[in-house]
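> Okay, structure incoming, though there's no sequence with it:
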């Protein structure tokens with residue numbers, strides 16, 4: 001007989017890092033910095049706050065890197081990159097970036113679950 005208990009997916013979203021794991025486990029399976037690097041098309045030059053917001057609105061046109069990938073040796077930083085922190089002071093500031101971050105987390109190999117059939121629990125700052 002199958003065990004009817006299915007542990008909940010627990011997501012703790014913070015300004016510094018995201019922690020993701022399963023209920024009942026002692027430690028999270030994933031702890032990843034909550035930063036996203038947007039690498040823009042070389043023909044687009046974003047310099048100010050308004051242009052930065054425009055870059056976030058056009059997420060589909062950019063290469064995205066998440067967490068530690070932003071700082072890896074292979075990442076080529078240039079004038080056409082923007083570092084975005086979707087959560088600031090416990091508040092989600094960039095919902096479009098946050099959505100892409102969740103997609104990245106749900107496909108993470110350390111998670112190894114079927115997200116569609118997994119109950120979930122989302123933690124946020126009070």
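Yep, that arrived. No experiment lies behind these values; they were computed from the predicted model shown.

> rest of the way, CA atoms for contacts and neighbours
OK.

> what's near enough to touch the most centrally placed residue in the chain?
Nearest to the mean C-alpha position of the chain, by C-alpha atoms, centre = their mean, lies residue 101 at 2.6 Å. If you count contacts by C-alpha atoms under 8 Å, 6 or more residues apart in numbering, residue 101 has them with 36, 66.

> so which helix or strand takes in it?
In the assignment (DSSP states H and E), residue 101 maps to helix 95-106.

> thought residue 24 was touching residue 7?
Yes - when contacts are counted by C-alpha atoms under 8 Å, residue 24 is listed as touching residue 7 (7.0 Å).

> Not including adjacent chain positions, what is the nearest residue to residue 30?
Spatial nearest neighbour of residue 30, excluding adjacent residues (C-alpha to C-alpha, 6 or more residues apart in numbering): residue 20 at 5.1 Å.

> Can you tell me whether I have it right that that neighbour is in a helix?
No - under DSSP: H, G, I helix; E, B strand; the rest coil, residue 20 sits outside any helix and is assigned strand.

> Stretch 89-102 spans what distance, first to last residue?
One end of stretch 89-102 sits 19 Å from the other (C-alpha to C-alpha, to the nearest Å).

> about what we covered before: residue 24 and residue 7 - which one has more neighbours?
Comparing residue 24 with residue 7 by neighbour count (other C-alpha atoms under 10 Å), the higher total belongs to residue 7, at 14 against 10.
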